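Novice: what shape does this take:
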Amino acid sequence: MGREINQYDIFWVSLDPTIGSEIAKKRPGVVVSPNELNEHLRTIIIAPLTSTIKDYPFRVNCAVGGKQGSIALDQIRTIDKARISTYMGHLRPSEIESVKSVLMEMFS
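Specialist: All right, here's what the predicted structure looks like:
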């Protein structure tokens, strides 16, 4: 992939194979790793998106390509850049602030 990968970009990602309750299949994913890591490593940290919107404390609602979804911050994982494909967009500022807030709560 020749495109620059930035924090809070959204790409199609292939998450298979998975085990147990891990979110699976090809789906949108939000890059949550900082740009410095994205530039220097062959891996990125992503949070998968799901179209199933539930009121879980570690999920952030968002809209991608006109569709409502939920960023599953409770399912963040490191993936090789070879698992990403098409660029889909970037989170809006309000969504970024919500993601930051949830991550701070999760890891504090």
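Novice: low-scoring stretches of this protein, by residue?
Specialist: By pLDDT under 70, the weakly predicted segments of the chain are 1.
Novice: where along it do the strands fall?
Specialist: 9-14, 26-31, 43-50, 59-64, 67-72, 77-80, 84-90 (DSSP state E).
Novice: adding distance to Ile96 and mean neighbour count, write these out as a markdown table.
Specialist: All C-beta spots, glycine's among them, are computed from the backbone N, C-alpha and C. What follows is these, written out as a markdown table (distance: least, Cβ to Cβ, whole Å; neighbours: other Cβ atoms under 10 Å):
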| stretch | distance to Ile96 | mean neighbour count |
| --- | --- | --- |
| strand 9-14 | 11 | 20 |
| strand 26-31 | 9 | 22 |
| strand 43-50 | 12 | 21 |
| strand 59-64 | 9 | 18 |
| strand 67-72 | 10 | 19 |
| strand 77-80 | 20 | 14 |
| strand 84-90 | 9 | 15 |
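Novice: of these, which is nearest Val99?
Specialist: For the strands of the chain, proximity to Val99 was assessed by Cβ to Cβ; strand 59-64 is nearest, at 5.4 Å.
Novice: sheet partners, orientation included, of the closest one?
Specialist: When pairing is defined by DSSP bridges, strand 59-64 lines up against strand 67-72 (antiparallel).
Novice: residue nearest the centroid of the protein?
Specialist: By Cα atoms, centre = their mean, the chain has its centre lying nearest to Val30, at 2.3 Å.
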